[in-house]
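> Sharing a sequence plus its predicted fold:
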Amino acid sequence: MAARKQKGIWKNVIGSFTHETNAGGLSDGGLIVTPADVGAETIELGFADGGAVDLLGTEASFLVPTEARAMDGEPLPGMLFASATSTGVDAFQNTGGEGLLIEQPWRVFPNESWTEEYDDETGEGWSPSTAWIPGSTWDPNESKSVSTFIPTDEATFASRLGVETRELRDRFGPYRTVEADEELRTDELLIAAFTDDRTFPSTPLTSPDRIDIGQLFNAGISAPLSGATFGFSVLATPNASVAGQNLNPLAGLEFEEIFAHEEVRDVLRRAGVTDARTVEWLVGPDAVDGDRVPPLVANPDPILEADPATTLLDDEVDLRTFVGVLNGQVGPWAIAIHAARLVDDDIVLATGINRRPVADTDATGVLDGETLTRARELTTATMVTLRKAGGDR
């Protein structure tokens, strides 16, 4: 049987955990922060040598699903990721009870690309974002033989991911049980652990009194979930005119005004810009261009260097990016909209969107240029698909 091609998220641990923790809202996503981002200089690994092994706070990452914003005074759901070599030891004893060792890293970490498929049997074409494993010297492009240790028993693991135990091998590939007190070498070993498990006696996530939710959700970057937080919408309206005067206001308005238009806001809501019933701009929308980079954007060079030209229904148009903060049910969303407009017999407005949770409107540097660039690429690819589906005009 031919190898199946996977574009992304359903057959890996991170995607399944985010989906389950967000109560089915995979598109709600989450964020990635290092422990150092939230004031933890070191993290004690309770499963390694009885807690005698630590990780530096700069050489690990926390995944925090968006659902954590709704929790007050409780341990926050999350996962920690690191390269085991960052512990500084050659080996450690698994003293946290039974665990699992997943042999194929692409069954754990999503593909970094938002548009490319990969082979889920060999891992060909797969490469994860380095944000998941900061400080690691492991190069996934050179070696896919690395395994991932999950210090949790099989039944608990299945429960956290929302799947039946019998489905685990089909979903996440080959794995074996790591017995209690078994020794694990750290070379070619990654760690993926649930932060509210017994294996973490104390972290900023397990001890909510040590961390402010606002500090947490205004830090880090959007979790790189292979475009799971991406949405797309198209609005087409007649381009009517009388005596040479265009009667459709969408033809001449600036994009910033278009996004405030009631009909367009409803289209954006259906594309997934917010989980609220209405769309309300709290900040922006502001253009990202060479003249000005809004405070919401970090590392803007990739987006500023992106080619503005794209094709919408066979015509070349400019694809522009705007960012802002929108209202939400539990908390606001930092949002990026990648928009192109075609004025012809009809006015066609195509928009790609990506978002991440924030704590408030004071958030800065929470939309990174690399993520915005990948969202632009997927917007362009979706418009190509739209053209092919629509055929010749």
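On my side now, so go ahead.

> from here on, contacts and neighbour counts on C-alpha atoms
Fine.

> show me where the stretch 51-200 of the chain has strands.
53-56, 61-65, 79-83, 91-93, 99-102, 118-119, 147-150, 175-178, 183-185, 189-194 (DSSP state E, counting those that start in this stretch).

> among these, which is the most enclosed?
Mean neighbours per residue, mean count of other CA atoms under 10 Å, is largest over the strands of the stretch 51-200 of the chain for strand 61-65, with a mean of 26.

> Quick one: list the elements packing against that strand.
Packed against strand 61-65 by the contact rule (3 or more CA pairs under 8 Å, 6 or more residues apart in numbering; DSSP states H and E) you find strand 30-33, strand 79-83.

> would you turn the strands of the stretch 51-200 of the chain into CSV with distance to Val384?
Converted to CSV, the strands of the stretch 51-200 of the chain look like this (distance: least, CA to CA, whole Å):
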stretch, distance to Val384
strand 53-56, 45
strand 61-65, 31
strand 79-83, 36
strand 91-93, 50
strand 99-102, 37
strand 118-119, 21
strand 147-150, 37
strand 175-178, 39
strand 183-185, 47
strand 189-194, 37
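
> what's the closest of those to Asp315?
strand 118-119 (31.1 Å; CA to CA).

> thinking again about what came up before, so for Ala228, which of the helices and strands packed on strand 61-65 sits nearest?
Ala228 sits nearest to strand 30-33 of all these, at 10.4 Å, using CA to CA.

> Look up the residues forming beta bridges with Thr237.
Using DSSP bridges, the bridge partners assigned to Thr237 are Ile347.

> That one reaches Asp344, doesn't it?
No: assessed by CA atoms under 8 Å, Thr237 is found out of contact with Asp344, at 10.2 Å.

> Contacts only, for Ala306.
By CA atoms under 8 Å, 6 or more residues apart in numbering, the residues touching Ala306 are Thr373.

> Give me the pLDDT value at it.
For Ala306, the pLDDT comes out at 83.

> Next: Ala240.
On the pLDDT scale, Ala240 is placed at 62.

> Show me where the protein dips below the pLDDT cut-off.
Applying pLDDT under 70 to the chain flags residues 1-10, 72-73, 141-142, 197-211, 239-251, 313, 345-346, 386-393.

> rewinding a little: nearest to Glu257, of the helices and strands packed on strand 61-65?
Evaluated over these, closeness to Glu257 peaks at strand 30-33, with 29.2 Å, by CA to CA.

> Give me the contact list for that closest one.
18, 61-66, 131-132, 216-217, 219-223, 356-357.

> what pairs with it, and is each one parallel or antiparallel?
strand 61-65 (antiparallel), strand 221-222 (antiparallel).

> How is the protein partitioned into domains?
Here the domain parsing of the chain from automatic domain parsing is 5-222, 231-390.

> Which one of the helices and strands packed on strand 61-65 lies nearest to Glu280?
strand 30-33 (21.1 Å).

> can I get the CA coordinates of that closest one in PDB?
Extracted in PDB, the C-alpha atoms of strand 30-33 (Å, rounded to 0.1, in the frame of the first residue of the first chain):
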ATOM      1  CA  GLY A  30      -2.300  28.100  21.900                       C
ATOM      2  CA  LEU A  31       1.100  29.600  22.600                       C
ATOM      3  CA  ILE A  32       4.700  28.600  23.100                       C
ATOM      4  CA  VAL A  33       6.800  30.100  25.800                       C
END
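
> Toward the C-terminus, what is the element adjacent to that strand?
Next along the chain after strand 30-33, taking DSSP states H and E as the criterion, comes strand 42-45.

> Can you name every helix or strand that that next one contacts?
Applying 3+ CA pairs under 8 Å, 6+ apart, one finds that strand 42-45 contacts strand 53-56.

> And the contacts of the strand it packs on?
Contacts of strand 53-56 (CA under 8 Å, 6+ apart): Glu41, Thr42, Ile43, Glu44, Leu45, Gly46, Ser86, Thr87, Phe92.

> among those residues, who's most crowded?
Using other CA atoms under 10 Å as the neighbour criterion, Ile43 leads the contacts of strand 53-56 with 24 neighbours.

> Looks like that residue contacts Thr58 (just checking).
No: if you go by CA under 8 Å, Ile43 and Thr58 don't touch, sitting 9.9 Å apart.

> Name the residues contacting each of the two.
Common contact partners of Ile43 and Thr58 (CA under 8 Å, 6+ apart): Pro35.

> now the helices for the protein?
Shown for the chain, the helices assigned by DSSP state H span residues 13-21, 154-161, 168-172, 213-217, 255-258, 262-271, 301-304, 369-390.

> Of those, which stretch is the most buried?
Comparing the helices of the chain by mean neighbour count (mean count of other CA under 10 Å), helix 13-21 ranks first with a mean of 23.

> contacts for it?
By CA under 8 Å, 6+ apart, the surrounding residues in contact with helix 13-21 are 9-10, 25-26, 29-30, 65, 67, 77, 107-110, 160-162, 172, 225.

> And for stretch 129-149?
By CA under 8 Å, 6+ apart, the residues outside stretch 129-149 that reach it are 32, 58-61, 81-83, 85-86, 99-105, 108-112, 123, 127-128, 188-193, 224.

> can you put the helices and strands packed on strand 61-65 in CSV and add distance to Asp266?
Listed next are the helices and strands packed on strand 61-65 as CSV, based on distance: least, CA to CA, whole Å:
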stretch, distance to Asp266
strand 30-33, 24
strand 79-83, 35
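
> Could you point out which of those sits nearest Asp119?
strand 79-83 (23.2 Å).

> so who does the spatially closest residue to Ala339 that is not a sequence neighbour touch?
Setting aside the residues directly before and after it, Ala339 is nearest to Thr351 in space (CA to CA, 6 or more residues apart in numbering), at 4.4 Å. Going by CA under 8 Å, 6+ apart, Thr351 touches Phe232, Ser233, Val234, Ile337, His338, Ala339, Ala340, Thr379.
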